[in-house]
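Asks: structure, please.
(one chain, ligands or ions: 2)
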Amino acid sequence: MTSPWGVPPVTDADYQRRTQERERTSDPGPRRSSEVETRRADAAGLEVRSVTFWVGRALLDDVSVTFPAGKVTALSGPSGSGKTTLLSVAGGLLEPTSGTATYAGRPTWTGSGDPRPEVAFVLQVYGLVPILSAGENVSIALRARGVAPAEADDRAAAALARFGVADLTDRQVEELSGGQLQRVACARGFVVGAEVLLADEPTSELDETNRALVLAELHAEAERGSVVVVATHDPAVVEACDLHHALDEGRLR
Ligand SMILES: Nc1ncnc2c1ncn2[C@@H]1O[C@H](COP(=O)(O)OP(=O)(O)OP(=O)(O)O)[C@@H](O)[C@H]1O
Ligand SMILES: [Mg+2]
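Replies: Ligands and ions are numbered 1, 2, ... in the order given. Next up, the predicted model:
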């Protein structure tokens, strides 16, 4: 199975093309909201429709939600409420038992659990390769998408620098602390510049300064026109997002 990051990158040229397309169609494009909005968004984006996910019981129960492009959407809820399951179904890692998850008019589920090239994840359990260095873990996300090794290494270094862990490039990930691992995992998820970025508790191990850094980077991705969804327990993260949906026992509240 291809890893969630094992697909081609979206380049700045792609974002430029999308921006031009928005201008041509009079779409105002991404805007940063200063307030937390709790309404359900109707704009086109990553669309989850009547999704149920059943494993002996309903882990997701008739969930319908749109995650719009150009916004950072918080997905909150108690532990076990289904946040990771919903991100996994929305991004194409899991097949819904019923209902659909679509992006740009196509189902995100491709039949294999391989996400589409447009989708990248920051996984809750990091998913880093222990025997590789931090730099290699980020670089392979790009190499797997066809980026030449030298360019991949340069972009990996820049991505690690974005999250304040450039000095850890050559360290084995098994030597890193929880917060350092989390920032390397962020670098790997962000480095590909995906159209859809699904970040599962990306700040749970971080101090306030690094949490603010990750939030700023999530907003930067949205401002480039991406769909950004962040699952979180943290009310401060919810407050910092543009939109908010809350899950409880597999249902949207
Ligand atoms: N493959 C599976 N088989 C059976 N039950 C599962 C499976 N995966 C998750 N669950 C259960 O589904 C529920 C939702 O899990 P999920 O990981 O989506 O919750 P979460 O909201 O992300 O929780 P957390 O905040 O702890 O990360 C939990 O009760 C969990 O135990
Ligand atoms: Mg989870």
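Asks: the strand or helix carrying Glu221: what's the following helix or strand?
Replies: Per DSSP states H and E, Glu221 falls inside helix 208-223. With elements assigned by DSSP H and E, the helix or strand that comes after helix 208-223 is strand 227-231.
Asks: who touches that next one?
Replies: 45-46, 67-69, 71-76, 83-84, 86-87, 90, 103, 124, 195-202, 218-219, 221-222, 237, 241 (C-beta atoms under 8 Å, 6 or more residues apart in numbering). All C-beta spots, glycine's among them, are computed from the backbone N, C-alpha and C.
Asks: tell me the helix or strand right after that strand.
Replies: Tracing the chain C-terminally past strand 227-231 and defining elements by DSSP H and E, one meets helix 235-240 next.
Asks: now that next one: buried residues?
Replies: For helix 235-240, a neighbour-count test (16 or more other C-beta atoms under 10 Å) marks 237-238, 240 as buried.
Asks: same question for stretch 170-186.
Replies: So for stretch 170-186, counting by 16+ other C-beta under 10 Å, buried means 173, 176, 179-186.
Asks: ligand 1 contacts on the stretch 51-200 of the chain?
Replies: Listed as neighbours of ligand 1 in the stretch 51-200 of the chain under the rule C-beta under 6 Å from any ligand atom: 55, 59, 77, 79-85, 124.
Asks: where's the closest residue to ligand 2 within the stretch 51-200 of the chain, which helix or strand?
Replies: Residue nearest to ligand 2 within the stretch 51-200 of the chain (C-beta to the ion): Thr84, separated by 3.2 Å. Here Thr84 sits within helix 83-91, counting by DSSP H and E.
Asks: where along this protein do the strands fall?
Replies: 45-54, 58-68, 72-76, 98-103, 106-107, 119-122, 196-200, 227-231, 243-248, 251-252 (DSSP state E).
Asks: how about the residues of this protein near ligand 2?
Replies: 83-84, 124 (C-beta under 5 Å from the ion).
Asks: lowest-confidence one in the residues you listed?
Replies: In terms of pLDDT, Gln124 ranks lowest among those, with 87.
Asks: just give the closest residue to that residue, not the sequence neighbours.
Replies: Using C-beta to C-beta, 6 or more residues apart in numbering and skipping residues adjacent in sequence, the residue nearest Gln124 is Asp200, 3.9 Å away.
Asks: give the contact list for the one you found.
Replies: With C-beta under 8 Å, 6+ apart, Asp200 has these contacts: 83-84, 87, 121-124, 231.
Asks: let's have those residues in JSON lines, adding distance to Asp153 and neighbour count.
Replies: Listed next are those as JSON lines, based on distance: C-beta to C-beta, whole Å; neighbours: other C-beta atoms under 10 Å:
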{"residue": "Lys83", "distance to Asp153": "33", "neighbour count": "24"}
{"residue": "Thr84", "distance to Asp153": "31", "neighbour count": "20"}
{"residue": "Leu87", "distance to Asp153": "29", "neighbour count": "24"}
{"residue": "Phe121", "distance to Asp153": "22", "neighbour count": "24"}
{"residue": "Val122", "distance to Asp153": "20", "neighbour count": "27"}
{"residue": "Leu123", "distance to Asp153": "22", "neighbour count": "22"}
{"residue": "Gln124", "distance to Asp153": "27", "neighbour count": "17"}
{"residue": "Ala231", "distance to Asp153": "30", "neighbour count": "26"}
